[in-house]
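Asker: fold the following.
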Amino acid sequence: MSTALAPAPVGAEPSAIDSGYLVCRVADTQYVFALHGIDAITRPGQVVPMPLAPAAVLGLVNHRSRVCPVLALSVLCGHAASPPSAINRVLMLGNPARLGLLVDEVLVQHATRPDGVTEPDIAALLDAHCRHLLGSWQRQPVQETASATRPEQAAEAAQRGQPFITFAIGDEEYGLPLASLQQATLMPDQLQPADTAGWLGLATLPAGQVAVLDVGAQWQRAAGTATQRFLLVLALQAGRLIGLPVDRLHDMVLLDDSAIQPVPPVLAARHALQDLAGIWHDAARERTVALLDLGGIDTAGLASPTAADGDQPAPSANEEPTMQATPDFEALLIQVDAQSMLLPLAAVVTLLRVPADFGAVPQLPAQVAGILHWRGKTVGVVDLRKVLALPAATPGIGQRIVLLTLDGVLHGLLVDRVDGIEPVYPGERSSAPALSAEQESIIPYVVQKADGRLLAELDPAGLYARIAPARETGAADGANDE
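Answerer: Now for the predicted structure:
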């Protein structure tokens, strides 16, 4: 049996796995959570810091195409922060998840609530430490009780079934959303060698070359034993294709939300958890099916392989160029305190190097780094680090002044670096979680890029609205001369 990717042990009571309570540790204190309120349990992964957020907020994560804030339970409950560890986990709370809680360790699952263990009052903790999140948390209850579910709601939920294809790897049962399946074919006799660990190689198919996952290496499990294996070609983010080798194809099933149970914490020691979306118990066939989360697979550190030297395929004569969607708008990609952010390009006039004689001027607001003379106009330059309450930095060679025009007035913005222009495509932009009044006015949106990056979008008008007048003089006549 697998030690990493496996469903619940055969014969386990579903009620003891799909319901009950989860005990976690923070510092020297244990806390209990009802399992029905946990959407997923993941490793911390890549958390994008959010400036101007309360101290308890670690940042934002992209969880199943939703932007969710992650908070440290240690800070919420008044514990000293523990150093990061491989056993740390994030509990994604809500259905669907609306926020994550970082805990030091997941300890054990109980069928009944254990005595003497505190269950955190999330609403009260948010009210005390991050009040802006309280409204979004309370708007949707974690789970409706049976008595509160109206018949029409139940009928509507029953119609929202999602098709899954089920299959076996060794003696374990899995399922994937049918929408992610591009092709099911026999496993090729030969694969082109690849130079990247974790991949079996490259399969040449009518659709092109597909990287084939090495299940044994990626999920630390034994490979299947069937002589005839199939290859499932799956579409991940940004149209990326990977091949998943399986031993047997089973059937297609239609599952509604109520049929998919949360991932049981009993699997914590046997699986990285972010690869699982849930568990389905098939009573008719007496089987337990682990439903894979393509988002988890795609962000689990997998890198597409390249062909080994000498094995590069010749370009196809019939290959057509990939059609790219038209971006909604373009933004300047800047960096401040090692964080990448976006500024709408429509407000940008030009970029300037920092003059040698540039410096602070007395009697100006603290956020103003200095005064710049440009084409006969005097422009106040704001230090973005100070506006976002980030640590001060020693001036570097990469620093730039971004000239912006707002309502006909020129403004300057001092940034650590400019990395280029980033197109923002339809569906990539969404409202940022409201963590504080300051953050909400300055960073109203986040952009989720197809390559996994999560970028905060700055609102120049909101940014300058929080700063006292910087005594700029002159209108922006001729601002677009460059």
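Asker: show the low-confidence segments of the stretch 251-400 of the chain, by residue range.
Answerer: Along the stretch 251-400 of the chain, the model assigns pLDDT under 70 to residues 252, 264-275, 294-325.
Asker: what about the helices in it?
Answerer: 294-298, 384-387 (DSSP state H, counting those that start in this stretch).
Asker: quick one: furthest residue from the center of the protein?
Answerer: For the chain, the residue at maximal distance from the C-alpha centroid (C-alpha atoms, centre = their mean) is Gly376, at 45.9 Å.
Asker: look up how far Leu213 lies from that residue.
Answerer: Using C-beta to C-beta, to the nearest Å, Gly376 is found at 62 Å from Leu213. (C-beta placed from N, C-alpha, C; glycine too.)
Asker: in this structure Gln192 contacts Leu205, no?
Answerer: No. Using C-beta atoms under 8 Å, Gln192 is not in contact with Leu205, being 11.5 Å away.
Asker: the two: who's more crowded?
Answerer: The neighbour count for Gln192 versus Leu205, taken as other C-beta atoms under 10 Å, is higher for Gln192 (19 against 16).
Asker: who does that one form a beta bridge with?
Answerer: Under the criterion DSSP bridges, Gln192 forms beta bridges with Leu202.
Asker: distance check, the nearest residue to His373 once chain neighbours are set aside against Gly370.
Answerer: Distances taken as C-beta to C-beta, 6 or more residues apart in numbering put Val379 closest to His373, at 7.6 Å, once the chain neighbours are dropped. Distance, Val379 to Gly370, by C-beta to C-beta: 10 Å.
Asker: these two: which has the busier surroundings?
Answerer: The neighbour comparison of Val379 against Gly370 (other C-beta under 10 Å) goes to Val379, with 25 against 21.
Asker: which residues in the stretch 1-150 of the chain form strands?
Answerer: Secondary structure of the stretch 1-150 of the chain (DSSP state E, counting those that start in this stretch): strands located at 21-26, 29-34, 38-42, 57-63, 66-72, 89-93, 99-103, 105-110.
Asker: quick one: work out the angle between the fifth one and strand 99-103.
Answerer: Here the directions of strand 66-72 and strand 99-103 differ by 30 degrees (axes from the mean of the first three to the mean of the last three C-alpha atoms, to 10 degrees).
Asker: in strand 66-72, what's buried?
Answerer: 66-72 (16 or more other C-beta atoms under 10 Å).
Asker: and that strand, how far from the chain's centre?
Answerer: Computed by C-alpha atoms, centre = their mean, to the nearest Å, the chain-centroid distance of strand 66-72 equals 9 Å.
Asker: what mean pLDDT does that strand have?
Answerer: Averaged over strand 66-72, pLDDT sits at 92.
Asker: which other helices and strands contact that strand?
Answerer: strand 57-63, strand 99-103 (3 or more C-beta pairs under 8 Å, 6 or more residues apart in numbering; DSSP states H and E).
Asker: beta partners for the residue nearest the centre of the chain?
Answerer: By C-alpha atoms, centre = their mean, the chain has its centre lying nearest to Asn62, at 1.7 Å. With DSSP bridges as the criterion, Asn62 is bridged to Val67.
Asker: picking that back up, what about the residue farthest from the centre of the chain, distance to Leu351?
Answerer: According to C-beta to C-beta, Gly376 and Leu351 sit 19 Å apart.
Asker: and Ala338, by the same measure?
Answerer: Separation of Ala338 from Leu351 (C-beta to C-beta) stands at 20 Å.
Asker: in terms of packing, which of these two has more residues around it?
Answerer: Leu351 (14 against 10).
Asker: please name the nearest non-neighbouring residue to the more buried one.
Answerer: Closest to Leu351 by C-beta to C-beta, 6+ apart is Arg400, at 5.2 Å.
Asker: let me know how buried the one you found is, in neighbour terms.
Answerer: 18.
Asker: tell me the secondary structure for Ile242?
Answerer: strand (DSSP: H, G, I helix; E, B strand; the rest coil).
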